[in-house]
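>>> fold the following.
(one chain, ligands or ions: 1)
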Amino acid sequence: MAVVEAKSSVEVRGNLDQVVHEYAFPDIHIGAGEDESPYVPFSENVAIRHLAFDVRNNTYANILWIKKAGSLGKHRHRGKVFACTLEGSWRYLEYDWVARPGSYVQEAPGAIHTLVSDHPQGMKTFFLLNGAIEFFDENDNLMQTLDVFWFIDHYVTYCREHGIPVNKKLWV
Ligand code: FE
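I've put the predicted structure just below:
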């Protein structure tokens, strides 16, 4: 019977480094400045700073900015959502919690809720979203479906209209 000798940790590490070097994707840093990614108007009171587009996974990351107290509207998620509030506060009309700076929110596929900010300065929140978001009007009619391609179009169209170079680092 052949004796399989255990590889030393140095050998294992060396092999891993080589595979990582060949196949891994680079780390990414999107700077805080709007020259790296601007706040793109979504509505009169809302703007979105796009941070990442992962087309293969229909996943996208951004900072949602509600400029003063107001509503984002009723929406249903078809994927999962992770959020961490940076400034101000916000809540969903359907729940009893309020998201504040440092608090963490996780939303599940199928969730339907209405986002509002009661804070005079609105809010800024980091969102990592997967799948589609469906927006509804006050009579529960489906108005719009947003997915990774909608978010890309939102960003690219704004860049084109304002002569801003598209930041290829946003595609991960
Ligand atoms: Fe939501």
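
>>> give me the most central residue, this protein.
For the chain, residue 61 is the residue whose C-alpha lies nearest the centre (C-alpha atoms, centre = their mean; 2.0 Å).

>>> name whatever forms a beta bridge with that residue.
Judged by DSSP bridges, the bridge partners of residue 61 are residue 52, residue 128.

>>> check contacts around it.
Contacts for residue 61 (C-beta atoms under 8 Å, 6 or more residues apart in numbering) come out as 50-52, 126-129. (Each C-beta comes from the backbone N, C-alpha and C, glycine too.)

>>> mind giving me JSON lines with these and columns for distance to residue 20 and pLDDT?
Converted to JSON lines, those look like this (distance: C-beta to C-beta, whole Å; pLDDT from 0 to 100):
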{"residue": "50", "distance to residue 20": "28", "pLDDT": "98"}
{"residue": "51", "distance to residue 20": "24", "pLDDT": "98"}
{"residue": "52", "distance to residue 20": "21", "pLDDT": "98"}
{"residue": "126", "distance to residue 20": "27", "pLDDT": "98"}
{"residue": "127", "distance to residue 20": "29", "pLDDT": "98"}
{"residue": "128", "distance to residue 20": "24", "pLDDT": "98"}
{"residue": "129", "distance to residue 20": "28", "pLDDT": "98"}
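
>>> and the average pLDDT for the host helix or strand of residue 18 is what?
Using DSSP states H and E, residue 18 sits in helix 9-23. Mean pLDDT, helix 9-23: 89.
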